[in-house]
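Chemist: Based on what follows, work out the 3D shape:
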Amino acid sequence: RGSASVNSKGSAKNGKDATDTDERQRDIYCAKHGDVENLTIRQGTYIPTPTAPDHIVVKVMASTVTAGDCIARIKGDPNTKPQTEVPGYHIVGQVYAIGARVNVSTLCIGDNVAALLPEGGGNSKYISIPKKNTIKLPPNATDENIICLVANYVAAYQCLKLAK
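Modeler: Below you'll find the predicted structure:
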C-alpha cells in the first residue's frame, strides 16, 4: 500500500493543472498482478479534460469493486500489469466537462449519469468516457441506489427475463 504521484511528466496527465488538492485526479492503480498490496492510490496534479470530442468527463461519486476487478488483478504473470490498471466497471457521477461533439441539449454539466465501463477505470475521481456509454439519471436519484442497480440488479433482471 502506498501512494504514487502522477505529475506533468507522467503519461497519465491529460487536463488542466489543479491547485485545489480536493479537485485533483486520484485513482486506485494496480501496477502488477497479485494481491491487494499491489494497489496504490495515485494523486494527480490535474483535472482531466475529455480525451475525444464525443467524450464527457464524469466526476465519480460512486463506483464498484467487483469479482471481475479482483480476477483481473489476481490472474496473470505477477511481473506484468493487468489489462485494466484502474479497476471499476460501473460508475455513478456528475458531468464535469463535455467534449466538442456532445449534444449539450441532451446532457449538461452537473447532470447525474451512470455508466458501464468495459475497459474499467471507474475507481478514479474523474474519468473521460464516450457519452454513448452513459445514462442520464433523474436529479433525485441517489448514488448508492443507482450504483447497486447498475452493477447487480440489471444483470439479475436480464437473467430472469431470459429465463421466461
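
Chemist: And the strands in this structure, which stretches?
Modeler: Secondary structure of the chain (DSSP state E): strands at 3-6, 15-17, 26-30, 39-44, 46-48, 55-63, 90-98, 112-116, 126-130, 134-136.

Chemist: Please list all residues in contact with the residue most central in space within the chain.
Modeler: Computing the C-alpha centroid of the chain and ranking residues by CA atoms, centre = their mean puts Gly122 first, at 2.0 Å. By CB atoms under 8 Å, 6 or more residues apart in numbering, the contact set of Gly122 is 60, 63-64, 86-91, 115. Quick note: C-beta positions are derived from backbone N, CA and C, even for glycine.

Chemist: neighbour-wise, which of the residues you listed leads?
Modeler: Ile91 (30 neighbours; other CB atoms under 10 Å).

Chemist: Just give the nearest non-adjacent residue to it, would you?
Modeler: Among residues not flanking Ile91 along the chain, Gly122 sits closest, at 4.2 Å (CB to CB, 6 or more residues apart in numbering).

Chemist: From start to finish, how long is stretch 22-29 in a straight line?
Modeler: 18 Å (CA to CA, to the nearest Å).

Chemist: Buried residues, that stretch. List them.
Modeler: 24-29 (16 or more other CB atoms under 10 Å).

Chemist: how about the CA coordinates for the longest helix seen in the chain, as CSV?
Modeler: Longest helix of the chain, by residue count under DSSP state H: helix 154-163. C-alpha atoms of helix 154-163 as CSV (Å, rounded to 0.1, in the frame of the first residue of the first chain):
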residue,chain,number,x,y,z
VAL,A,154,-29.8,-5.1,-14.2
ALA,A,155,-27.9,-8.3,-14.7
ALA,A,156,-30.3,-10.2,-12.5
TYR,A,157,-33.3,-8.7,-14.3
GLN,A,158,-31.9,-9.7,-17.7
CYS,A,159,-31.3,-13.2,-16.5
LEU,A,160,-34.8,-13.5,-15.2
LYS,A,161,-36.2,-12.1,-18.4
LEU,A,162,-34.2,-14.6,-20.5
ALA,A,163,-35.4,-17.5,-18.3
